[in-house]
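Asker: predicted model and sequence follow; I will ask about them next.
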Amino acid sequence: MAVLVATMEALLTPLWSMEQYRHSYCNVETHPHEHVVQGHTSCLDSDTEDDFDFIDELVRAQRLSLGAKKYGCSHYRRRCRIRAPCCDEVFDCRHCHNEIKNVNEPVPSKRHEMPRHLVTRVVCSLCNHEQDVQQVCENCGVCMGEYFCSTCKFFDDETKKQQYHCDACGICRIGGRENFFHCDRCGCCYAKSLQNGHPCVEKSMHQNCPVCFEYLFDSVKDITVLPCGHTMHLECLRDMHTHAQYCCPICSKSVCDMSSVWEQIDREIAATQMPESHVNKKVWILCNDCGASNEVMYHIVAHKCTSCSSYNTRLTRGPLNSGSSSSSSSSSSE
């Protein structure tokens, strides 16, 4: 508290009080009558009050901006902490709470996450005054977050993230409201570039990432929408690519243009001669990309879909009277 008082005194020292300001500005000796222009003088009470209001607004703005971006945690820059309604302890943010009480909690029965919408009390980081959730501290007058959402009980000083609250999602998101739209079927906000061309998957965001199993809907990591409509963390998709995995972990469709890879497999098949016992062998395949089922010549390298030319296929059982033998579920695209 002493540090706050000293800081405020340092900021307000150059500013005059109302009486000092009015006295110096309207001193008759320094501002004689002949300077009065018809119907107007800077010594009029209304003008003096207006000028003082400007000074008062300047002081208020300085007070609101005290400590901006100097407080917070690794997740958010903010000038308050929140009291968790679940365990009645004070944390910098809900993510700090969840890391301590869920991820790093050794006792499984004690693990829990903070219900963000049930937060009712916050603690000012400058004066340590605890109060109801609000943007401006009722004790010292500092703004506890340049961005504030009363619904999510969310504070953040880094407004360059372009935070906005989506009523349909029920939470705050980043990136700018003008750059996103809410898809009711997918149940989430998507970039406007996907508005007229993305394949809808019912509640596609209301699931765990198929790689790291973190819940996607309220994840703070970047999320990508695959051509098949399924979603996952962008970081996890990049990790898949480093391990030569190019299929959706959920539906096995290709996640990118694989035409150059298919051409390379064409050349490899042409250069690989099959033994006499397998030259005329045929098998049934199911294409993971287009869904077509075809009977093709067996090859040890891969099997090409005759409908879309994709090698992202798997062996299946053919018709009962076909007499063909095959295994039940082995992908030949890898």
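Answerer: The structure has been received and is ready for your questions.

Asker: surely residue 60 meets residue 141?
Answerer: Yes - between residue 60 and residue 141 there is a contact at 7.4 Å, judged by Cβ atoms under 8 Å. Every C-beta, even on glycine, is put in place using the N, C-alpha and C of the backbone.

Asker: same drill for the two, tell me which one is more crowded.
Answerer: Taking other Cβ atoms under 10 Å, residue 60 and residue 141 do not tie; residue 141 has more neighbours (16 against 12).

Asker: break this protein into its domains for me.
Answerer: Under automatic domain parsing, the residue ranges defining each domain of the chain are 80-161, 165-242, 274-322.

Asker: make a markdown table from those and add distance to residue 249 and mean pLDDT to it.
Answerer: Formatted as a markdown table, these follow (distance: least, Cβ to Cβ, whole Å; pLDDT from 0 to 100):
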| stretch | distance to residue 249 | mean pLDDT |
| --- | --- | --- |
| domain 80-161 | 23 | 95 |
| domain 165-242 | 4 | 92 |
| domain 274-322 | 12 | 87 |
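
Asker: what would these look like in JSON lines with distance to residue 67?
Answerer: Shown next, in JSON lines, are the domains of the chain (distance: least, Cβ to Cβ, whole Å):
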{"stretch": "domain 80-161", "distance to residue 67": "5"}
{"stretch": "domain 165-242", "distance to residue 67": "22"}
{"stretch": "domain 274-322", "distance to residue 67": "55"}
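
Asker: where does residue 269 fall, phi/psi-wise?
Answerer: The phi/psi pair for residue 269 (degrees, to the nearest 10) reads phi -70, psi -40.

Asker: if we ignore the residues flanking it in sequence, what's nearest it?
Answerer: residue 301 (5.0 Å; Cβ to Cβ, 6 or more residues apart in numbering).

Asker: what of residue 116?
Answerer: Using Cβ to Cβ, 6+ apart, the nearest residue to residue 116 is residue 94, at 5.2 Å.

Asker: same check on residue 239?
Answerer: Distance criterion Cβ to Cβ, 6+ apart; nearest residue to residue 239, sequence neighbours excluded, is residue 211 at 6.9 Å.

Asker: next, count neighbours for the one you found.
Answerer: Neighbour tally, residue 211, other Cβ under 10 Å: 15.

Asker: go ahead and confirm it touches residue 236.
Answerer: Yes - look at residue 211 against residue 236 with Cβ under 8 Å: they come within range, at 3.7 Å.

Asker: nearest to residue 72, out of the domains of the chain?
Answerer: Residue 72 lies closest to domain 80-161 among these, at 6.3 Å (Cβ to Cβ).

Asker: give me the number of residues near residue 97?
Answerer: Each residue near residue 97 was counted by other Cβ under 10 Å, and the total is 21.

Asker: what's the helix or strand for it?
Answerer: Following DSSP states H and E, one finds residue 97 within helix 94-98.

Asker: other residues contacting that helix?
Answerer: Helix 94-98 has contacts (Cβ atoms under 8 Å, 6 or more residues apart in numbering) with 73, 75, 82, 84, 87, 89, 91, 113-114, 116, 119, 220.

Asker: which of those residues are buried?
Answerer: Buried by 16 or more other Cβ atoms under 10 Å: 82, 84, 91, 114, 116, 119, out of the contacts of helix 94-98.

Asker: so who does the fifth one touch?
Answerer: Which is residue 116. Listed by Cβ under 8 Å, 6+ apart, the contact set of residue 116 reads 94, 152-154, 171.

Asker: now it: how far from residue 86?
Answerer: Per Cβ to Cβ, to the nearest Å, residue 116 is found 11 Å from residue 86.

Asker: could you find the closest non-adjacent residue to residue 292?
Answerer: Of all residues not flanking residue 292 in the chain, residue 307 sits nearest, at 3.8 Å (Cβ to Cβ, 6+ apart).

Asker: helix, strand, or coil at that neighbour?
Answerer: coil (DSSP: H, G, I helix; E, B strand; the rest coil).

Asker: which residue would you name as the spatial centre of this protein?
Answerer: Geometric centre of the chain, nearest residue: residue 220, 4.3 Å, by Cα atoms, centre = their mean.
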